[in-house]
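Trainee: please find the sequence and the predicted model below.
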Amino acid sequence: MSLQDSAHVSGGQHRVSSALANLHALGVRHAVMQAGMSTASGPKLAGAVSAVGGIGTLGLHDVSVWESVIEQTKAEAQGRPMCANLLLPYTRRRHVEILIRQRVPMVTLFWGHAPQLIRQLQSHDVFVFQQIGSEEEARKALDAGIDGLIVQGLEAGGHVRAQARLETLLPRISELSAELPVFAAGGVYSAKDAAHAVALGADGVCSGTRFLLTPESHIHEAYRQRLLDADSTMLTHLFGLGWPDLHRVVPNAATDRWCDEDGAIPTWLHRLNAAFSFTRKIVPMKAGIAKAQQPGRPFFSPALMDSHMPAELVEATALYAGEHIARIRRLESAANVVRELARGLEAGNNQVAVSG
């Protein structure tokens, strides 16, 4: 979908979204966002998505390399605008200072409420998205003056803020924010999914899992293959040392050892994870304990398995993936994923125009 032709349904009326026009003015061609997934969405992936006209999002990296990975992403984006993800529990002041100095035009915020940060970024002409998982979070973000919303459904992979499925939550959020762009996240893998998101009230789509399964994502080949072979996922708190919140993963030996059929972990293990929450702002965002993780040892960090880790860690690290992972059985280039999702958005908007 070209943003010049983008449209939205609100209260039964067909309208052109002024906020999407603002994104078009930044240089974005397609309302297709690749989710910021820590080191998995490094410069190669984020740059490839931006280069083809989508919104490529650099995942949050340790502050020691933050400026260099932003510069690399800009180079990969070939003059197109990039986005950067600020995972709020791990964001430091230096992350923000570097973003502003590097003139990054778009930022996504996740896992928290930061009205002062929103105002700070906007004062430097940064377009700020907030990813939310409930109406309450959406209202807070709107009250804080957010520029755009990403609505996460319960189907999503990784850390799950959502309290309902996209089918239920998205139409309600869309009605709340008629003047702002609303992107749908959670199980959006194909053109058909994107068209359906438009029917639910979305202006654009955001996908993580589909972009994980591209050659450009910075994940270990063993992790990539495990996702291609996966038939199911589970919601659990297992990989929560320092970040004891719910996440969706593909099962492995660690989940077999410590989780019950519903993904629940022993109470003492959940408390252990919570006890290390203080480390989020003082410990560098590096592999650390992840490289020493073993299925039988109850210390599991949120770190995902990047290409630098040993292959055997596929049984002991978080294999983040969306609920409908079994629908993806092959790799596609990041550019092809953007184009397919954009076709779906265009089809959905054409259908809206006809029915409207």
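Mentor: Right, received. Where do you want to start? Numbering: from 1, shown residues only.
Trainee: residue ranges with poor pLDDT in the stretch 151-300 of the chain?
Mentor: Where the stretch 151-300 of the chain drops to pLDDT under 70, the residues are 286-287.
Trainee: same thing but 80
Mentor: 178, 281-289 (pLDDT under 80).
Trainee: all strands for it, in order.
Mentor: 158-159, 182-185, 204-207, 234-236, 247-249 (DSSP state E, counting those that start in this stretch).
Trainee: closest to Met285 out of the ones you listed?
Mentor: Distance to Met285, taken as CB to CB, is lowest for strand 158-159 among the strands of the stretch 151-300 of the chain, at 14.5 Å. Backbone N, C-alpha and C define where each C-beta goes, glycine included.
Trainee: who does that closest one touch, helix- and strand-wise?
Mentor: Judged by 3 or more CB pairs under 8 Å, 6 or more residues apart in numbering; DSSP states H and E, the packing partners of strand 158-159 are strand 247-249.
Trainee: show me what the strand it packs on is packed against.
Mentor: Using 3+ CB pairs under 8 Å, 6+ apart: strand 247-249 touches strand 158-159, strand 234-236.
Trainee: hang on, the earlier thing: most neighbours per residue, which of the strands of the stretch 151-300 of the chain?
Mentor: strand 204-207 (a mean of 30; mean count of other CB atoms under 10 Å).
Trainee: average model confidence for the biggest helix by length in the chain?
Mentor: Longest helix in the chain by number of residues (criterion: DSSP state H): helix 334-355. For helix 334-355, mean pLDDT rounds to 92.
Trainee: how far does that helix sit from the chain's center?
Mentor: A distance of 20 Å separates the centroid of the chain from that of helix 334-355, by CA atoms, centre = their mean, to the nearest Å.
Trainee: swap in stretch 263-276?
Mentor: Stretch 263-276 sits 25 Å away from the centroid of its parent chain (CA atoms, centre = their mean).
Trainee: can you tell me what sits against that stretch?
Mentor: The contact list for stretch 263-276, computed with CB atoms under 8 Å, 6 or more residues apart in numbering, reads 234-238, 240-244, 255, 258-259, 298-300.
Trainee: among those residues, which one lies nearest to Ala51?
Mentor: Trp243 (31.6 Å).
Trainee: before we move on, the earlier item: looking at the strands of the stretch 151-300 of the chain, which is closest to Leu149?
Mentor: Minimum separation from Leu149 across the strands of the stretch 151-300 of the chain (CB to CB) falls at strand 182-185, 5.1 Å.
Trainee: and Cys259, what does it touch?
Mentor: The neighbours of Cys259, taking CB under 8 Å, 6+ apart as the test, are 234, 236, 238, 251, 265.
Trainee: one more time with 6 Å, if that's ok
Mentor: 236, 238, 265 (CB atoms under 6 Å, 6 or more residues apart in numbering).
Trainee: format those as a markdown table; extra columns: distance to Glu135.
Mentor: Output for those, formatted as a markdown table (distance: CB to CB, whole Å):
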| residue | distance to Glu135 |
| --- | --- |
| Thr236 | 25 |
| Leu238 | 29 |
| Ile265 | 29 |
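Trainee: ok, now how distant is Glu179 from Arg29?
Mentor: Glu179 sits 22 Å away from Arg29, going by CB to CB, to the nearest Å.
Trainee: between these two, who's got more neighbours?
Mentor: Arg29 (19 against 11; other CB atoms under 10 Å).
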